[in-house]
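*Asks:* Model the following, please.
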Amino acid sequence: MSTHTEPAETDETTGFGWWISRIGSLLALMIVVAILLAAVVVPKIAGAMPYTVLTSSMEPTYPPGTLIVTKPIDDADLAIGQAVTYQIESGKPDVITHRIIATSIEADGSTVYTTQGDNNSVADPNYVQAGQIRGAVWYSIPYLGYVNNWLTGDRRTLVVGALVGVLVLYALFQFVGAGIERSRRRS
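*Replies:* Numbers count the residues shown, from 1 in each chain. The predicted model follows:
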């Protein structure tokens, strides 16, 4: 006597593809949140400033495209070996990030710093005064500087708005999908 049974229906919410899509979505969300935290939120809270490395003068430590986050530092804490971001000319916005390689005391008693890029064979030609230093490098994120440079002004506002919109739509999609799934299970 032969009995024939219908194959059991596979539940779409437990299949391999379902798990991969859920893990992938969660991982992508975690990466985006981590990048936003590291590049925007943490610097804002800590009073730090993000900058993008544009030249190869600090390779291999900070290659071009690296986002560096510089945190203000007391003059007394500045030390030889420290990478600092400083104004090229006092009062002007252009900055350089190089390493302090020596300190000197001027005739007026103020300390000045000699800096050099890790990839440069000679020291920078001008001393750096403490007032020019914006801060010491706190941490860096490779390649994120390219994104930081691309996202400026109106483009940043547009992209952030679009990302918020996509995240809201994704959340709505998840809620609607969960509601539909719940309705199917009741039927």
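*Asks:* Every contact and neighbour count from this point should use C-alpha atoms.
*Replies:* OK.
*Asks:* who's in contact with the helix or strand containing Val42?
*Replies:* Assigned by DSSP states H and E, Val42 falls within helix 42-46. By C-alpha atoms under 8 Å, 6 or more residues apart in numbering, the residues outside helix 42-46 that reach it are 48-50, 69, 71.
*Asks:* again, only this time at 7 Å
*Replies:* For helix 42-46, the surrounding residues in contact (C-alpha atoms under 7 Å, 6 or more residues apart in numbering) are 49, 69.
*Asks:* ok, residues contacting the next helix-or-strand element following that helix?
*Replies:* Heading C-terminal from helix 42-46, the first helix or strand you meet, by DSSP H and E, is strand 49-52. When contacts are defined by C-alpha under 7 Å, 6+ apart, strand 49-52 is touched by residues 43, 65-71, 145.
*Asks:* and if you look at stretch 114-132?
*Replies:* By C-alpha under 7 Å, 6+ apart, the list of residues contacting stretch 114-132 from outside reads 56-59, 75, 86-87, 90, 98-103, 111-113.
*Asks:* could you flag which of the residues you listed are buried?
*Replies:* Using 16 or more other C-alpha atoms under 10 Å as the burial test, those include 56-58, 86-87, 98-101, 103, 111-113 as buried.
*Asks:* just the CA coordinates of stretch 175-187, formatted as PDB?
*Replies:* What follows is stretch 175-187 as a C-alpha-only set of coordinates in PDB (Å, rounded to 0.1, in the frame of the first residue of the first chain):
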ATOM      1  CA  PHE A 175       6.600  47.400   8.400                       C
ATOM      2  CA  VAL A 176       4.300  46.700   5.400                       C
ATOM      3  CA  GLY A 177       6.000  43.400   4.700                       C
ATOM      4  CA  ALA A 178       5.700  42.300   8.300                       C
ATOM      5  CA  GLY A 179       1.900  43.300   8.200                       C
ATOM      6  CA  ILE A 180       1.400  41.300   5.000                       C
ATOM      7  CA  GLU A 181       3.200  38.300   6.500                       C
ATOM      8  CA  ARG A 182       1.100  38.400   9.600                       C
ATOM      9  CA  SER A 183      -2.100  38.500   7.500                       C
ATOM     10  CA  ARG A 184      -1.000  35.500   5.500                       C
ATOM     11  CA  ARG A 185      -0.200  33.500   8.700                       C
ATOM     12  CA  ARG A 186      -3.700  34.200  10.000                       C
ATOM     13  CA  SER A 187      -5.400  33.000   6.800                       C
END
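*Asks:* All set, thanks.
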